[in-house]
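Enquirer: no sequence for this one, just the structure:
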């Protein structure tokens, strides 16, 4: 066995660093899904009638929708009646008023992940709305943000405190009947973030939410809504890890972004959920619908993601460019190792004149990981002078993994200009030998090569996030060679 | 003690023997040239010396400064002072040439118990050495070999060598793909590094390079072994007669 084969073995058997489990009493719904479950969730959250009706309508839609099967991923059928749709830390009535009030056990969990909240606040100047399971347990910097009129709170709070905004925008980007998993989310979503940036305001800090899935056998259904009014700007960071569990955990989030005239939203994700063990057992099913609408002229929406976790990823952060001269961007690094499967990419829908989109996708496959890039660029008849640039690069480590590219183009206006570039490379023995023969260790060589490969995406991330992402990638790909 | 001593080296790749008993002794301060037809195993020898795991050593020894290095991984050998200028330098997209070299220099320094090099000192060193091999300064910030012309890649190898200052310099067909001006620049870079502390193993197909880098010893390498050893005149004779006589003898 050559040294590199050995390192592949070591790599595929490597444990999950964030795999630990916090024991917290759960206040949870019985497993199963019915109108009663939805009423339970809605009542638990003390929601207004209109929202309950909205949920129920989504549920009735969902009942008539087929589960999609066109993705290039394989998994056993999900038993939606076996899932528990609501779990919250018990002290629901008595929410912590500041970070000091947070359960030490929860704080310890964060510290194990290397993201202590207090340090983050002080060092990074990041406002943190931490979601532990389904209920927000901490919101900070709220006052400072409020001075500027920025609203940053949990979705549950927004429903109570800003019902007119929630009602106006919820489901306008991803309608309740959009797709199977979006409909499910609309019916049972528990919490998430709500962000509103008023006209002309440049949000004074990066907004950040750390998600965690912590209850056994509990689906996590986040719902996030970000609205940027005219000429405003916001950068939103989302990052998460999950403790090691045996059962598959379904995660079907929905994220909606709305950018009005001259507004800009930058949405960055670092995702490191439990990928399952080396036999492919356990791990998160990450079936997410993320979409932004450039509703106003000259608006801009930019998705940047670094995806290293989850057993199965099914996600296409998209931008609908409705306003003239609006811009959509998608920068992605996705890693599939062990038996991870990812079918991911983006949709760029050009409706307005002079709309421009950029897609940069970097896929890394290792072990027996399978990775698909699936991207749609649609130029509507109304989209005069639309432009798109797509670049999809795949890197293979080892000989048992796979990379597949499915680009879809739908061009209905002859003035459109589209460019597509795609490459597939293998981390070659020759590349490694070259680095090592200059004195660089094998592990450093891999991290050097991989970071170089992902550079165009990393430089789109906010500074502190870029460092974290780079570190995550290094830990993930430690000892992986082909 | 010899800088490099190869004894009865047999090497196989995927079951086929490619080196069939190589013996060679190289002393510090000397330049040895290895000449021979394509496919004779010259590049294999170079790769085996730096520890390429694609090859299986079935018999023999490689001693570097008296120490058996066969079990050492490539990075260990590099840190001890062995350098290979590749025949086909590899591209590393997204990694700047300077950043790459800094990683290499500091790995080597760490091995010798030295602190990391000061960033400003390093930059100065890199600029000075780039000038020596007339490497355009813009190539320092570009990703390693990415989009470099053939000549630039070879010059970059010599540049790396002059920054890392190895004791054993192996150059694999560094002359291939170079025009006459580039050949002169590369040779000047090599000649500037010739010293009593350093030995060179220069692998080439053509005698031309040896007009610029004048060897102390010339080996003719055919079918996996050295079939004749002589001085620089041997190279000139080969230029006239070709390898045919040796190939027949080997067959």
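Expert: Sure thing, it's come through. Quantities reported herein were computed from a predicted structural model and do not represent experimental measurements.
Enquirer: show the pLDDT at the residue in the stretch 201-350 of chain A that chain B sits nearest to.
Expert: Closest contact between the stretch 201-350 of chain A and chain B, by Cβ to the nearest Cβ, is at residue A:333 (11.7 Å). (Glycine included, C-beta is placed from N, CA and C.) In this model, residue A:333 is scored at 91, pLDDT.
Enquirer: ok, residue A:5 next?
Expert: On pLDDT, residue A:5 comes in at 44.
Enquirer: ditto for residue A:112
Expert: Residue A:112 is assigned a pLDDT of 52 by the prediction.
Enquirer: mind listing what the residue of the stretch 201-350 of chain A closest to chain B touches?
Expert: Residue A:333 sits next to A:305-307, A:362-364, A:454, A:457-458, A:469, A:473 when contact means Cβ atoms under 8 Å, 6 or more residues apart in numbering or on different chains.
Enquirer: specify the beta-bridge partners of it.
Expert: residue A:306, residue A:362 (DSSP bridges).
Enquirer: now name the helix or strand holding the residue in the stretch 51-200 of chain B positioned nearest to chain A.
Expert: Here the stretch 51-200 of chain B gets closest to chain A at one residue, residue B:94, 2.9 Å apart by Cβ to the nearest Cβ. Assigned by DSSP states H and E, residue B:94 belongs to strand B:92-96.
Enquirer: I'd like the mean pLDDT over that strand, please.
Expert: On average, strand B:92-96 scores 92.
Enquirer: list the helices and strands the helix or strand that comes right after that strand packs on?
Expert: Next along the chain after strand B:92-96, taking DSSP H and E as the criterion, comes helix B:97-111. On a contact count with 3 or more Cβ pairs under 8 Å, 6 or more residues apart in numbering or on different chains; DSSP states H and E, helix B:97-111 meets helix A:442-458, helix B:74-80, helix B:119-132, helix B:138-141, strand B:143-144, helix B:150-164.
Enquirer: how far out from the middle of the chain is helix B:97-111?
Expert: Relative to the chain's own centre, helix B:97-111 is displaced by 19 Å; criterion: Cα atoms, centre = their mean, to the nearest Å.
Enquirer: okay, buried residues for that helix please.
Expert: The neighbour-count check on helix B:97-111 (16 or more other Cβ atoms under 10 Å in any protein chain shown) flags B:97-108 as buried.
Enquirer: what's the separation between the residue of the stretch 51-200 of chain B closest to chain A and residue A:62?
Expert: To residue A:62, residue B:94 is 43 Å away according to Cβ to Cβ, to the nearest Å.
Enquirer: distance-wise, check residue A:357 relative to chain B.
Expert: Computed as Cβ to the nearest Cβ, to the nearest Å, the residue A:357 to chain B distance reads 23 Å.
Enquirer: so what touches the helix or strand containing residue B:203?
Expert: According to DSSP H and E, residue B:203 maps onto strand B:199-204. The contact list for strand B:199-204 (Cβ under 8 Å, 6+ apart) reads B:3-4, B:26-35, B:42-43, B:45-46, B:49, B:167-175, B:190, B:194, B:209-210, B:213, B:215.
Enquirer: quick check: PyMOL command selecting the buried ones in those.
Expert: Remark: buried members of those, expressed as a PyMOL selection using 16+ other Cβ under 10 Å:
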select buried, chain B and resi 3+4+26+28+30+31+32+33+34+35+42+43+45+46+49+167+168+169+170+171+172+173+174+175+190+194+209+210+213+215
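Enquirer: let's have the helices and strands packed on helix B:97-111 in TSV, adding distance to residue A:267 and mean neighbour count.
Expert: Formatted as TSV, the helices and strands packed on helix B:97-111 follow (distance: least, Cβ to Cβ, whole Å; neighbours: other Cβ atoms under 10 Å in any protein chain shown):
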stretch	distance to residue A:267	mean neighbour count
helix A:442-458	14	21
helix B:74-80	40	23
helix B:119-132	35	14
helix B:138-141	31	15
strand B:143-144	28	24
helix B:150-164	40	22
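Enquirer: of all those, which one is nearest residue A:397?
Expert: Smallest distance to residue A:397 across the helices and strands packed on helix B:97-111 (Cβ to Cβ): 8.1 Å, for helix A:442-458.
Enquirer: can you add distance to residue A:81 and give the helices and strands packed on helix B:97-111 back as TSV?
Expert: Formatted as TSV, the helices and strands packed on helix B:97-111 follow (distance: least, Cβ to Cβ, whole Å):
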stretch	distance to residue A:81
helix A:442-458	39
helix B:74-80	55
helix B:119-132	61
helix B:138-141	59
strand B:143-144	53
helix B:150-164	62
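Enquirer: turn these into JSON lines, columns for mean pLDDT and distance to residue A:48.
Expert: Below are the helices and strands packed on helix B:97-111 laid out as JSON lines (pLDDT from 0 to 100; distance: least, Cβ to Cβ, whole Å):
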{"stretch": "helix A:442-458", "mean pLDDT": "88", "distance to residue A:48": "41"}
{"stretch": "helix B:74-80", "mean pLDDT": "97", "distance to residue A:48": "64"}
{"stretch": "helix B:119-132", "mean pLDDT": "93", "distance to residue A:48": "60"}
{"stretch": "helix B:138-141", "mean pLDDT": "92", "distance to residue A:48": "58"}
{"stretch": "strand B:143-144", "mean pLDDT": "94", "distance to residue A:48": "56"}
{"stretch": "helix B:150-164", "mean pLDDT": "94", "distance to residue A:48": "67"}
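Enquirer: between the ones you listed, which one is closest to residue A:340.
Expert: Distance to residue A:340, taken as Cβ to Cβ, is lowest for helix A:442-458 among these, at 15.9 Å.
Enquirer: and the next element down the chain from that closest one?
Expert: Assigned by DSSP H and E, the successor of helix A:442-458 is helix A:463-477.
Enquirer: tell me the buried residues in that following helix?
Expert: A:464-466, A:468-470, A:472-474, A:476-477.
Enquirer: so who does residue A:370 touch?
Expert: Residues near residue A:370 by Cβ under 8 Å, 6+ apart: A:72-73, A:336, A:340-342, A:401-402, A:404.
Enquirer: which of the contacts of strand B:199-204 fall within strands?
Expert: Among those, the members falling in strands (DSSP state E) are B:4, B:26, B:31-35, B:168-172.
Enquirer: about what we covered before: I'd say the residue of the stretch 51-200 of chain B closest to chain A and residue A:450 touch.
Expert: No. Contact criterion Cβ atoms under 8 Å: residue B:94 and residue A:450 do not qualify, at 9.1 Å.
Enquirer: picking up where we left off before, between the ones in strands among the contacts of strand B:199-204, which sits nearest residue A:329?
Expert: Nearest to residue A:329 out of the ones in strands among the contacts of strand B:199-204 is residue B:172 (Cβ to Cβ; 43.6 Å).
Enquirer: residues in chain A within reach of chain B, list them.
Expert: Residues of chain A lying near chain B by Cβ under 8 Å from any Cβ of the partner chain: A:2-4, A:428-431, A:433-442, A:444, A:448-449, A:451-456.
Enquirer: try it again at 10 Å.
Expert: Residues of chain A found near chain B (Cβ under 10 Å from any Cβ of the partner chain) are A:2-5, A:362, A:393, A:395, A:423, A:425, A:428-442, A:444-445, A:447-456, A:458-459.
Enquirer: low pLDDT regions in the chain?
Expert: This is for chain A. For chain A, the stretches with pLDDT under 70 are A:1-28, A:87-142, A:209-219, A:240-248, A:475, A:478-482.
Enquirer: that's the wrong chain, I wanted chain B
Expert: For chain B, the stretches flagged by pLDDT under 70 are B:249-251.
Enquirer: show me what contacts the most centrally placed residue in it?
Expert: Most central in chain B under Cα atoms, centre = their mean is residue B:170, positioned 2.0 Å from the mean C-alpha point. Contacts of residue B:170 were listed using Cβ atoms under 10 Å, 6 or more residues apart in numbering or on different chains, and they are A:437, B:4, B:26, B:32, B:34, B:45-47, B:49-50, B:82-86, B:161, B:199-203.
Enquirer: and if you look at residue B:189?
Expert: By Cβ under 10 Å, 6+ apart, the contact set of residue B:189 is B:129, B:132-135, B:155, B:157-159, B:161-162, B:174, B:213.
Enquirer: likewise residue A:440?
Expert: Counting by Cβ under 10 Å, 6+ apart, residue A:440 makes contact with A:432, A:434, A:446-448, B:74-75, B:78-79, B:100, B:103-104, B:106-108.
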